[in-house]
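[1] with the sequence up front, the predicted model follows.
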Amino acid sequence: MKLEVVILAAGQGTRMRSALPKVLHPLAGKPLVHHVIDTASALNAAAIHTVIGHGAEQVQKQLQQLPTRWVMQEKQLGTGHAVAQATPAVNDDSIVLVLYGDVPLAQTDTLQKLLSLVNEEQIAVLTVDLPDPTGYGRMLRDDANSIVAIVEQKDANAEQLKIREVNTGILAAPAKLLKQWLPQLSANNAQGEYYLTDIIGLAVSNGIKVAAHQPQSHWEVQGVNNRLQLSELERHFQRSVAEKLMTDGVTLADPARIDVRGTLTTGRDIFIDVNCVFEGNVELGDNVRIGPNCVIKNAKIAANVDIESHSLIDDAIVGVAAHIGPFARLRPGTELAANAKVGNFVETKKTYIGAGSKVNHLTYVGDCTIGVNANIGAGTITCNYDGVNKFKTVIGDGAFIGSNSSLVAPVSIGKNATVGAGSTITGNVGEEQLGVARGKQRNIDGWKRPTKKS
């Protein structure tokens with residue numbers, strides 16, 4: 001049977017105290033429900049149905065690129081009612097897996113094992129044993145240890161409240177059975193809602209067995225109801241990422257102080273200092289060293305690169321043995337060739353820096369191509385923007401740009417040319433020429449400094 005996934009993501013999330021729908025709050029840089037849709041995709045689901053309600057337009061707009069069918073739940077009348085909104089579009093011959101938009105970290109291995117328990121005569125629920133089960137529905141078992149029902153916290157008696165095995169809400173069942181049972185649900189309970197959990201009692205009364213499976217870690221099924229719980233899940237997620245990185249041969253100065261908000265691919269013998277953030281898709285080659293407090297986003301870093309502290313790298317390519325920072329900012333479109341150097345308080349944008357070239361101090365280069373073994377002095381800027389249009393600067397191999405120079409684009413500095421310090425260059429400088437453009441110095445004898453008037 002094919003798998004179809006129904007994701008419940010219609011709730012308001014009032015305890016988040018936010019105008020943002022709960023399922024759009026980010027975990028590891030990605031909305032909660034995005035994680036769940038990714039998990040469903042990883043299970044090779046034939047179809048994914050995401051039930052939305054509160055903030056539906058906002059959810060759809062932000063996640064419009066995802067492979068899901070959006071289902072509207074106009075009134076939030078409980079989990080059973082939510083699933084019922086999706087089932088008309090579900091194939092009768094499918095297995096339906098119900099997931100939750102605010103439970104982002106369920107692992108595919110766990111869910112595959114749960115699905116393996118489902119057949120025409122058996123449904124499966126994911127349960128977990130908690131030291132403090134407060135707030136969760138309790139699993140009721142008979143003398144033969146078979147599951148017979150789930151009772152919600154508000155409907156449980158004193159004896160049932162002592163049960164530690166709880167319902168996670170995640171279940172899998174044949175679509176034919178689910179479609180048969182959903183219309184039979186009743187809202188006769190403390191909440192006045194149609195509970196999906198009542199499916200368990202209906203299954204038992206129809207002679208259908210209820211199997212249970214438990215995840216390896218309770219955080220896999222932990223939901224997010226407030227910002228405290230969101231922060232707890234963030235740390236669980238980041239710790240698991242850190243452990244995998246260390247297993248793969250990365251040295252972390254402190255596993256508790258790294259954040260990966262995307263995909264981080266690593267080579268061998270990498271060192272990452274504290275408080276580094278990786279966003280989007282980042283690749284690190286062998287022997288890369290990253291200092292503290294760096295942010296790297298959508299970047300490809302080759303082997304033997306040294307990135308010093310407080311550097312920001314965004315959508316850039318860094319060649320072998322390049323050196324960056326400290327306090328450097330590589331903006332989108334930057335590419336460093338082998339052994340290039342971008343030093344402290346340097347900003348680059350849409351710039352190619354050739355092999356062995358140096359841009360060491362207090363400099364901005366944008367819309368620029370720099371050849372090999374060039375040296376760009378401190379305080380240099382490329383004036384690439386006239387307020388309307390961008391223009392390009394080309395600096396040839398071996399060129400030397402003196403400190404505090406302004407290169408007004410479009411302009412070309414030839415091979416082995418020199419620009420005198422403090423120059424404002426508005427015209428091309430040819431190969432091996434010296435370009436100087438600054439006011440002539442005057443020394444005035446007998447100059448009297450201003451004095452403060454009494």
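    Done, it's in.
[2] how about the contacts made by residue 81?
    Listed by CB atoms under 8 Å, 6 or more residues apart in numbering, the contact partners of residue 81 are 73, 75, 185, 193, 194. (Each C-beta comes from the backbone N, C-alpha and C, glycine too.)
[3] show me what residue 30 is bridged to.
    residue 27 (DSSP bridges).
[4] could you give the number of residues near it?
    Residue neighbour count, defined by other CB atoms under 10 Å, stands at 15 for residue 30.
[5] that one against residue 261, yeah?
    Yes. Counting by CB atoms under 8 Å, residue 261 is a contact partner of residue 30 at 7.1 Å.
[6] select only the buried ones of the contacts of residue 81 in PyMOL?
    Buried residues among those (16 or more other CB atoms under 10 Å), as a PyMOL selection:
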select buried, resi 73+185+193+194
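[7] and stretch 178-189, C-alpha only, in PDB?
    C-alpha atoms of stretch 178-189 as PDB (Å, rounded to 0.1, in the frame of the first residue of the first chain):
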ATOM      1  CA  LEU A 178      -9.900   5.700   9.000                       C
ATOM      2  CA  LYS A 179     -12.600   6.900   6.700                       C
ATOM      3  CA  GLN A 180     -15.000   4.500   8.400                       C
ATOM      4  CA  TRP A 181     -14.200   5.600  11.900                       C
ATOM      5  CA  LEU A 182     -13.900   9.400  11.600                       C
ATOM      6  CA  PRO A 183     -17.600  10.100  11.000                       C
ATOM      7  CA  GLN A 184     -18.300   8.100  14.300                       C
ATOM      8  CA  LEU A 185     -16.300  10.500  16.500                       C
ATOM      9  CA  SER A 186     -18.100  12.400  19.200                       C
ATOM     10  CA  ALA A 187     -17.400  15.800  20.800                       C
ATOM     11  CA  ASN A 188     -18.900  14.700  24.100                       C
ATOM     12  CA  ASN A 189     -15.800  15.500  26.200                       C
END
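[8] give me phi/psi at residue 323?
    Backbone torsions of residue 323, given as degrees, to the nearest 10, read phi -130, psi 130.
[9] residues contacting it?
    305, 306, 308, 339, 340, 341, 342, 343.
[10] need the pLDDT of it.
    Here, the pLDDT recorded for residue 323 equals 98.
[11] who wins for neighbours among the contacts of residue 323?
    residue 342 leads the contacts of residue 323 on contacts (other CB under 10 Å) with 30 neighbours.
[12] that residue and residue 328 touch, don't they?
    Yes. Contact criterion CB under 8 Å: residue 342 and residue 328 qualify, at 4.9 Å.
[13] assumed residue 352 was part of a helix.
    No. Counting by DSSP: H, G, I helix; E, B strand; the rest coil, residue 352 is not found in a helix; it is strand.
[14] shouldn't it be in contact with residue 335?
    Yes. The pair residue 352 / residue 335 is scored as a contact, 4.9 Å apart, by CB under 8 Å.
[15] what about the one helix or strand residue 344 maps to, distance to the chain center?
    Residue 344 is part of strand 341-353 when elements are defined by DSSP states H and E. Relative to its chain's centre, strand 341-353 lies at 26 Å (CA atoms, centre = their mean, to the nearest Å).
[16] got the contact list for the nearest residue to residue 110 once chain neighbours are set aside?
    Leaving aside its sequence neighbours, residue 110 sits nearest to residue 215 (CB to CB, 6 or more residues apart in numbering; 4.5 Å). By CB under 8 Å, 6+ apart, the residues touching residue 215 are 106, 107, 110, 126, 128, 221.
[17] residues contacting the last one?
    The reference is to residue 221. Contacts for residue 221 (CB under 8 Å, 6+ apart) come out as 103, 106, 126, 128, 168, 170, 215.
[18] make JSON lines out of these and add pLDDT.
    Output for these, formatted as JSON lines (pLDDT from 0 to 100):
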{"residue": "103", "pLDDT": "97"}
{"residue": "106", "pLDDT": "96"}
{"residue": "126", "pLDDT": "97"}
{"residue": "128", "pLDDT": "96"}
{"residue": "168", "pLDDT": "93"}
{"residue": "170", "pLDDT": "96"}
{"residue": "215", "pLDDT": "96"}
